[in-house]
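Enquirer: mind looking at a prediction? Sequence and model below.
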Amino acid sequence: MTNAERKLNETAYRKIQDQLDRRYPFKQFVAFHNGHIVLDSADFDELQRGLRQKGIDQFQSLIVRIGDELPEYVEIMPLFEFIDG
Amino acid sequence: MAEQRNPYKGKSPRAWVELLLKKSDAVQKYASLIVDTGSPMGLILAPEIFDEFMLEEVASAHSNFGELPGGFFKILMPDTGITELVHGYRSEVVGKMAKKSHPDFSGLVGLPVLRLGDYGGDPSSFYFRYPPHSHFPQEYHEQPQA
């Protein structure tokens, strides 16, 4: 996915993030492509097959699993480099 | 309850686990990952590992090292029988830092993966046990209350 495509899908996702919990069952997989929801499934493998059948490869969609809490910002081991020299 | 136990290793001794990353029956590889119980990210992987084993993209995350592309990864730990689909993130900096600590390391494993089981350590080693002794946290297998 190009950065522009990723941004389009992420923007679409974040715009309706709060609504997704009400629209889809817990742990449902929802796929965004070109800024729209194109598929959803309770089974990840089935979702993948569905996307491939639509001609959408793994780098062209953004997948959300309902109920997952995703970190938006994280500090990664700030002392890592210092400790190991 | 099955267990994976590893002696600490690295320039400064690090706790670590070995996970099998699986993209397909033909494409799978063991990865040794430093344990970071302070990380809210399931996995943070060196680019070459991320690129080879990512199944589908997820929303990226932002960090003190910049934007981290994210994806779903299938992880297995044959020692314990665990198989899960988890979020992983791509970081060249973390990959380099991990390898600097020990050439076997290719990233970090954080709390979302660790809390799938029981984990801990003693003066010589770190362990991960599955299934966990206690119940799964409510948010893992029950729908949130409206």
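Expert: That came through, no problem. Numbering: from 1, shown residues only, chains lettered A, B, ... in the order given.
Enquirer: which residues of chain B lie near chain A?
Expert: Residues of chain B found near chain A (CB under 8 Å from any CB of the partner chain) are B:10-12, B:36, B:38-41, B:44, B:54-65, B:69-70, B:72, B:85, B:87, B:91, B:93-94, B:97, B:100-101, B:108, B:139, B:142-144. For glycine as for every other residue, the C-beta is placed from the backbone atoms N, C-alpha and C.
Enquirer: tell me the centre residue of chain B?
Expert: Nearest to the geometric centre of chain B sits residue B:109, at 3.1 Å (CA atoms, centre = their mean).
Enquirer: residue contacts, that one?
Expert: Neighbouring residues of residue B:109 by CB atoms under 8 Å, 6 or more residues apart in numbering or on different chains: B:17, B:19, B:33, B:34, B:35, B:36, B:39, B:42, B:43.
Enquirer: turn those into TSV, columns for neighbour count and secondary structure.
Expert: Shown next, in TSV, are the contacts of residue B:109 (neighbours: other CB atoms under 10 Å in any protein chain shown; DSSP: H, G, I helix; E, B strand; the rest coil):
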residue	neighbour count	secondary structure
B:17	24	strand
B:19	25	strand
B:33	28	strand
B:34	25	strand
B:35	22	strand
B:36	21	strand
B:39	25	coil
B:42	26	coil
B:43	28	strand
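Enquirer: could you identify the least confident member of these?
Expert: Of all the contacts of residue B:109, residue B:39 carries the smallest pLDDT score, 89.
Enquirer: quick one: it from residue B:108, how far?
Expert: For residue B:39, the distance to residue B:108 (CB to CB, to the nearest Å) stands at 6 Å.
Enquirer: what's the answer for residue B:35, then?
Expert: 8 Å.
Enquirer: repeat for residue A:76
Expert: Where residue B:108 is concerned, residue A:76 sits at a distance of 8 Å (CB to CB).
Enquirer: with residue B:118 instead?
Expert: Using CB to CB, one obtains 19 Å as the distance from residue B:118 to residue B:108.
Enquirer: residue nearest the centroid of chain A?
Expert: Nearest to the mean C-alpha position of chain A, by CA atoms, centre = their mean, lies residue A:63 at 3.3 Å.
Enquirer: over to that one: give its phi and psi.
Expert: Here is the backbone geometry of residue A:63 (degrees, to the nearest 10): phi -110, psi 140.
Enquirer: ok, and the closest non-adjacent residue to it?
Expert: Nearest residue to residue A:63 in three dimensions, chain neighbours excluded: residue B:56, at 4.4 Å (CB to CB, 6 or more residues apart in numbering or on different chains).
Enquirer: nearest residue to residue B:20 other than its sequence neighbours?
Expert: Nearest to residue B:20 is residue B:76, by CB to CB, 6+ apart, at 4.2 Å.
Enquirer: nope, residue B:117 is what I meant
Expert: residue B:130 (3.9 Å).
Enquirer: in contact with the one you found, which residues?
Expert: So residue B:130 contacts B:1, B:2, B:3, B:77, B:80, B:81, B:82, B:116, B:117, B:118 (CB under 8 Å, 6+ apart).
Enquirer: all helices of chain A, in order?
Expert: With DSSP state H, the ranges of helices along chain A come out as A:3-23, A:44-53, A:80-84.
Enquirer: again with chain B
Expert: For chain B, the helices defined by DSSP H cover B:47-53, B:92-101, B:111-114, B:138-141.
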